[in-house]
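S.K.: Prediction below, plus the sequence it came from.
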Amino acid sequence: MNILILGSGGREHTFAWKLAQSPKLNRLFVAPGNAGTASLAQNIPVGVNDFNGIKGIVLSNKIDMVVVGPEDPLVNGVHDFFLNDPELKDIPVIGPQKAAANLEGSKEFAKQFMQRHTIPTAAYQSFTVQQLESGLAFLETLSPPYVLKADGLAAGKGVVILNDLEKAKQELTSMLKEAKFGAASRTVVIEEFLSGIELSVFVLTDGKNFKVLPTAKDYKRIGEGDIGLNTGGMGAISPVPFAEKAFMDKVLDRIVKPTVEGLKIDNLPYKGFIFIGLIMVGNDPYVIEYNVRMGDPETEVVLPRIKNDLVEIFQAVADQTLDTVDLQIDDRSASTVMTVSGGYPETYDKGYEIFGLEDVTDSLTFHAGTKLENGKVVTSGGRVMAFTSFGISFQDALAKSYESINKICFDRMNYRKDIGFDL
Ligand code: AMP
Ligand code: GLY
């Protein structure tokens, strides 16, 4: 099979690494890819939202399957684009169609879906600019902290949590009236605050059947102790030690099954990953958000623990025979630590050479923001490279990731030294 992966981060390098192990793979392409994917596949400089460009790659390279990494092209309808094109319609796409991708593309849509299918989540109301007055009045009925969410995609920045009522009112006004997050905050969801510890559960579905993949916990804040600005993710571990069987049974019965059933009932075709962001309140799971893709850097710890041939798994998704797959999971723990550019997630410089990669032997290195320049690997993004290791415990795995990071360097390299600190 010839496979095309869309995306350019650590998640896509991990997909490439895993797919490349399959005897069923013939040629692998990544658009646009990074220096890591270039070592396993052919990178093609086409953007993930350039659907006509993607069509060109698919036809000229006889691509048999497309795996979509990030949410943008899914929310923009890349899967529908394939289904509606006579030359592309029979080529399977891993990732949902636009209607279901709205579970990530619109928080209001996701909340309505959960309400309709009785899936536990925080109570909410949503408001547009015409309803600003009722939104302000609604805030007065709540107790702090106040959770305000821009409805649409806002590059991970659209959620604001405030303790002060006046600040929350100002924020709501600025989101709705001044379009603080552009079109994304045309509608704002105001939610009940839930207090607990977060984790993520990943589900792969073919629209009929599903498999629950290993759990993971990621660390989103830039600063140690979970302080400072939000990032794409600074590290992750899998499995999550507190997600024990009794809790996971609740997740399966109350959340995973009703989600997959709900997609069927609502006639929302779905072939792809469902990333369920959960919070454990007491001993009960609540959904914080849905994403319609794998997480990054969660992929860097989830995929390495799956022993199956990923090409076979994706073929089963395409054929709706996922029930015939016997998922085999490595029982070791995996951890990943993301090295980032100094200054990230605010402004940072690019183009620094990365030294010492050849000395890393005990970890898998997954490139995120890197590119090849005159044969050298240089930084080209905020999140630069993730170091994934295995161990009998996540602490043991983390120790190896940190040892590996000690062997490499680039100017202004930064990383969190406390991944897993709260477990
Ligand atoms: P989201 O983009 O919806 O995942 O929200 C970003 C982050 O905000 C989550 O990872 C949580 O840490 C926090 N958050 C979102 N909704 C709530 C809520 N209802 N209660 C408490 N924390 C929340
Ligand atoms: N690591 C969080 C995400 O991929 O959205």
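M.R.: Now that the structure is in, tell me what you want to look at. Ligands and ions are numbered 1, 2, ... in the order given.

S.K.: Show me how far stretch 44-61 is from its chain's centre.
M.R.: Distance of stretch 44-61 from the chain centroid (Cα atoms, centre = their mean, to the nearest Å) equals 22 Å.

S.K.: and it, average pLDDT?
M.R.: Confidence for stretch 44-61, expressed as mean pLDDT, is 98.

S.K.: need the residues of the protein near ligand 1, please.
M.R.: The chain has residues A122, V147, K149, V159, E191, F193, L194, E198, G277, I288, E289 near ligand 1, with proximity defined as Cβ under 6 Å from any ligand atom. In this view, the C-beta of every residue, glycine as well, is placed from N, C-alpha and C.

S.K.: can you do 5 Å?
M.R.: Proximity of the chain to ligand 1 is confined to A122, V147, V159, E191, F193, L194, G277, I288, E289 under the rule Cβ under 5 Å from any ligand atom.

S.K.: could I get these as CSV with pLDDT?
M.R.: As requested, those are exported to CSV (pLDDT from 0 to 100):
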residue, pLDDT
A122, 94
V147, 94
V159, 90
E191, 95
F193, 95
L194, 96
G277, 97
I288, 96
E289, 96
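
S.K.: Which ChimeraX command selects the buried ones in those?
M.R.: This is the ChimeraX syntax for the buried subset of the residues of the chain next to ligand 1, where burial follows 16 or more other Cβ atoms under 10 Å:
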select :122,147,159,191,194,277,288,289
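
S.K.: Of the residues of the chain next to ligand 1, which is the nearest to N267?
M.R.: For the residues of the chain next to ligand 1, the residue nearest N267 by Cβ to Cβ is E289; the value is 22.4 Å.

S.K.: burial of H13, as a residue count?
M.R.: Per other Cβ atoms under 10 Å, the neighbour tally for H13 reads 34.

S.K.: circling back: and ligand 2, which of the residues of the chain next to ligand 1 contact it?
M.R.: Contacts with ligand 2 are made by none of the residues of the chain next to ligand 1, judged by Cβ under 5 Å from any ligand atom.

S.K.: got a markdown table for the residues of the chain next to ligand 1, with secondary structure too?
M.R.: A markdown table is the format used below for the residues of the chain next to ligand 1 (DSSP: H, G, I helix; E, B strand; the rest coil):
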| residue | secondary structure |
| --- | --- |
| A122 | coil |
| V147 | strand |
| V159 | strand |
| E191 | strand |
| F193 | coil |
| L194 | coil |
| G277 | strand |
| I288 | strand |
| E289 | strand |
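
S.K.: so which of the residues of the chain next to ligand 1 comes closest to R11?
M.R.: G277 (15.6 Å).

S.K.: contacting residues for the closest one?
M.R.: Going by Cβ atoms under 8 Å, 6 or more residues apart in numbering, G277 touches E198, S200, V287, I288, E289, Y290, N291.

S.K.: what about 6 Å?
M.R.: By Cβ atoms under 6 Å, 6 or more residues apart in numbering, G277 lies in contact with S200, I288, E289.

S.K.: partners of it in the sheet?
M.R.: S200, E289 (DSSP bridges).

S.K.: This structure against ligand 2: which residues are in contact?
M.R.: D218, G233, G295, D296.

S.K.: Is it possible to get those out as a markdown table so that each row also shows neighbour count?
M.R.: A markdown table is the format used below for those (neighbours: other Cβ atoms under 10 Å):
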| residue | neighbour count |
| --- | --- |
| D218 | 25 |
| G233 | 26 |
| G295 | 21 |
| D296 | 27 |
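
S.K.: ok, back up a step: Throw the residues of the chain next to ligand 1 into TSV and include distance to A397, thanks.
M.R.: Shown next, in TSV, are these (distance: Cβ to Cβ, whole Å):
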residue	distance to A397
A122	32
V147	33
V159	30
E191	34
F193	33
L194	29
G277	23
I288	25
E289	26
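
S.K.: So the residue nearest the centre of the chain: helix, strand or coil?
M.R.: Nearest to the geometric centre of the chain sits G295, at 2.1 Å (Cα atoms, centre = their mean). Applying three-state DSSP to G295 yields a three-state assignment of coil.

S.K.: What sits closest to it if chain neighbours are left out?
M.R.: Distances taken as Cβ to Cβ, 6 or more residues apart in numbering put F275 closest to G295, at 5.3 Å, once the chain neighbours are dropped.

S.K.: check contacts around the one you found.
M.R.: So F275 contacts F202, N291, G295 (Cβ under 6 Å, 6+ apart).
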